[in-house]
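J.: Predicted model follows, preceded by the sequence.
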Amino acid sequence: MLDRPPELPALSRTRRLNIYRVIRSGLGALLVAYVAWRLYEVLVVKAEYGPDTWLRFAISGLVLGSVYSLIAIGYTLVYGILRMINFAHGDVMMLGAFGGYFVLEALSAIPVASEVNPPLTFLNAHPILAVILAFACGMSIAALSGFFLERIVYHPLRRAPRLAPLIGAIGASVFLENAAQLLFGPQRRDYNNPFLLLRGAGWLIPVGTGVRLTYTGVLTFVLSLILMLGLYLLVYHTRLGCAMRAVAEDKQTAALMGIDVDHVISLTFVISGALAGAAGVMWGLHNGLVYYLIGFVPGLKAFTAAVLGGIGNVPGTLFGGLLLGTIESVGPAALGIDFQLKDVIAFLILILVLLFRPAGLLGEVSTEETL
Amino acid sequence: MTHAQLHPAFRTGVIFGVVVIFLMLIGFATTAAQLLGALLGNMTFPLVNLLFLLGLVGLWGGAMGVRSAEAAISAPQAAPAAKTDTANAALVCGLMTGGMTGLLVAGLVFVVSILHARGANIRACLYALSPETIQLLSLGLPPAAAALAHLGLQLLSGIAGALLGRAVSLRGDHWQRRLSASRQLVRRRLASSASQPKIAHVWANRRLRRPLLCCSGLALVLLLPLVLGQYWNYNLGTIGIYVVLGLGLNVVVGLAGLLDLGYVAFFAIGAYTMALLTAPEPHHLQWSFWIALPIAVCLAALTGVLLGIPVLRLRGDYLAIVTLGFGEIIGILSRSDMLAPFSGGPLGVRGIAGPTLLGRTFSSQRDFLYLIVLSVLLTIFVTSRLRNSRVGRAWLAMADDETVSRAMGLNTLKYKLLAFGIGAAFAGLGGALFAARNQFTGPEDQTLMVSINVLALIIVGGTGSVPGIIIGALVLKGLPEMLRPLENYRLLAFGALLVVMIIWKPTGLWPPAKRRLESREVAEAFSDAEITTTEDKLKQ
């Protein structure tokens, strides 16, 4: 290090950073103290919830978290390659949910010849096939909308200033939400589950008063784990994944190596759209309600999850999603605050992560410059 | 007739078909037909209006098809096709475009009317397709005939549009030459003659032009409220408040280059401060408007700085998402029951006091409009003075390249906090005025759409330019008021407009002078590069 004369501004910069650090650590200490106090208050002093309640919260948190991580994968893939936040990704998930909804509705209107009275519909005669069809349709609609989103909005903005794609994405998001409202109407619709997968039905775990492990929850959790495993294999063990990673690293060099960059970017949007579509159908099957705004808040939460785990990192995203879902579900009870405020917890976590560990929990630590 | 011509025509046809289908499915086609009927005064024939509208779309499609085909031929990378027989080619292009559009539209009409005839409840799935709409779309004919009629209409209008488009493009060069010639003539006359009428002379003088425009605009703004009724004064007031918000956000986004999507948070803080201090309901304070206003502004600015300290170290889109999250937190808190005893909860706060001046209460919308105009002028003054000061230059430098400006010894954190605080102060001013004028504030005023609206009006108008922001506010808040029948499609058009603007005119409708210069330079650089690359290709 060179010795700097004291009047150079560089010294004031180090002092400023120290102030920033002091504020940050003070804030962190306050927060830790508050959380510890609330946990003590709720768990030890009041202790109003038994183990069954906590288990119930944890299960619903894990299911929610698996949906979040499936959506978050889309953010991570696109961010890794284009360095942009695909703000309309949540709305792609909404379109996927609608795709699955209409398939199930159509199948429940087809009668099937059988001896049972009242006659079975296709939906209940072949429930597994029906659910597979719903997933296929939802995923392909979402994949298509992801593809066209990239073609129409992001492709022309590839060379634009950095904020331009984000603003385009906001516009696309507003457009998709309102298009869905005008097309499908403002009303909330009930997902038409087959009898096999009725919402609320499931195995009973004998803890306390009994905790129900719903079939839809298990389906959601297992299927999203399988899809994410598939994605992991795709990204790290195929030629396409290799091309994707190369494009993420450096577009120009990748193009020089003979990779069709536009094609890879398109495929990335298709894949992330398909995963979001699957998440949408799961959301519908598990939660039951679909309407034109269901994509917005899960989209934001999934982005939070992606940042929490380390954006651009596939296993980190899975971890971040599950963690966020669990915190969001257990948090209000554990801290003894109003359940209306669970979204506040999620957004606060986003702010805190960016403050204390901007690269995410599992992301590689990068310098300030890359943020 | 080559593949190079047919392919673009086919694409245009498919795009037009998909767009028409989308407009039919959201019910816009019928609404537009009604609007056209109201405009032409023949409400009794909705069918004629619809057919007229669809024919117009077909014409447009045909013209576009020919244009894209011609562009494909004249593109440098295409094979140098013989340009003979273009009338025939235009005919084929129109046939292709109209045919594709027609096939798609006819398919939709056929399927929908068949389903309707078999008694399916289409409205349960597609909300806009009520039985009357289906009746209208199928032209009162049986399904197959309706489909054929739509196909025929699109084919005919596509061909007509193609021929028309070809004629226009043939004559187009000629017209363009004449137009530029006449423009040059006018310019030469203006330049040469001192004996011209005074007005033209003043107009030609750039230094006089601006004050003239400003004075006439000011006179218009001061006189207009006297003429307009209660309703338009209210709307103009809303536009004015959005101009204040836009100018404030412009300091953050346009000058300092920080994308803030949680602007509504500061708006909410201003509105709630005004509400809680002056309203009788939750706290019985009932202070005067004039005391509450500066408190609201200062509190908003303070929150801006406080929020800024932790998050401003982040850059670009991360900052956008964090501020978005903060805006959502404020929204959730204002809706929650937890804070209801403090801030009114989901019901909001009623009975907010208006200002009194010299014993006179501001009762009508006109008085408020004058107050708002005053604050708009104040905002314009402050922001433009700031922009041209040392601070403003520091912001611009920071927006251009943060690392370099830091290396030049700029304390970027300080300037960022300043920008955030000033932006938040104007948001607080806007929020306080909004709450006082409506005599109410509640969670429904503090939605994400406020942030997005303000951001959009800056972008549509032109980031960093004052007249641009006023135009943006007029376009985004004023036009929807004039197009009340299209209320349902407002947000849809808004989203589409945002996308189109950012792609087509990233610098906005009225970019600031510096940006205009820059984008011209960039465009020139680009066109130079293109020329060289095509030359290289030709050499090979």
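T.: It's in.

J.: Contact residues of the stretch 51-200 of chain A facing chain B?
T.: By C-beta under 8 Å from any C-beta of the partner chain, the residues of the stretch 51-200 of chain A that approach chain B are A:84-85, A:102, A:105, A:152-153, A:156-157, A:160-164, A:166-168, A:170-179, A:182-187. The way it works is simple: take the backbone N, C-alpha and C, and place the C-beta from them, glycine included.

J.: Buried subset of these as a ChimeraX selection?
T.: Buried residues among those (16 or more other C-beta atoms under 10 Å in any protein chain shown), as a ChimeraX selection:
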select /A:84,85,102,105,153,156,157,163,164,166,167,168,170,171,172,173,174,175,176,177,178,179,182,183,184,185
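
J.: In helices, which of the residues of the stretch 51-200 of chain A next to chain B fall?
T.: A:102, A:105, A:163-164, A:166-168, A:170-179, A:182-184 (DSSP state H).

J.: What ranges in the chain fall below the confidence cut-off?
T.: You didn't pick a chain, so chain A it is. A:1-20, A:117, A:363-371 (pLDDT under 70).

J.: should've been chain B
T.: B:1-4, B:42-44, B:72-87, B:170-174, B:189-207, B:315-317, B:358-360, B:363, B:483-485, B:512-540.

J.: at 50 instead, please
T.: For chain B, the stretches with pLDDT under 50 are B:77-84, B:194, B:196, B:528-540.

J.: Now do the domain split for it, please.
T.: B:3-186, B:227-447, B:512-540 (automatic domain parsing).

J.: Give me whichever of these is most buried.
T.: domain B:227-447 (a mean of 21; mean count of other C-beta atoms under 10 Å in any protein chain shown).

J.: Any idea how many residues pack against the residue in the stretch 201-350 of chain A positioned nearest to chain B?
T.: Closest to chain B within the stretch 201-350 of chain A is residue A:347: 3.6 Å, counting by C-beta to the nearest C-beta. With neighbours defined by other C-beta atoms under 10 Å in any protein chain shown, the count for residue A:347 comes to 22.

J.: Can you tell me the element it falls in?
T.: Following DSSP states H and E, the helix or strand that holds residue A:347 is helix A:342-356.

J.: list the buried ones in that helix?
T.: A:342-351, A:353-355.

J.: One more: stretch A:306-315?
T.: Neighbour-count burial for stretch A:306-315 [16+ other C-beta under 10 Å]: A:306, A:307, A:308, A:309, A:310, A:311, A:312, A:313, A:314.

J.: tell me the secondary structure for the closest residue to chain A within the stretch 1-150 of chain B?
T.: Closest to chain A within the stretch 1-150 of chain B is residue B:127: 3.0 Å, counting by C-beta to the nearest C-beta. Put simply, residue B:127 is coil when judged by DSSP: H, G, I helix; E, B strand; the rest coil.

J.: contacting residues around it?
T.: Contacts for residue B:127 (C-beta atoms under 8 Å, 6 or more residues apart in numbering or on different chains) come out as A:182, A:183, A:184, A:185, A:186, A:187, B:27.

J.: how far away is it from residue B:495?
T.: 18 Å (C-beta to C-beta, to the nearest Å).

J.: For the closest residue to residue B:489 other than its chain neighbours, give its distance to residue B:128.
T.: Take residue B:489 and drop its neighbours on the chain: the residue closest to it by C-beta to C-beta, 6 or more residues apart in numbering or on different chains is residue B:28, 6.0 Å away. In this view, residue B:28 and residue B:128 are 8 Å apart by C-beta to C-beta.
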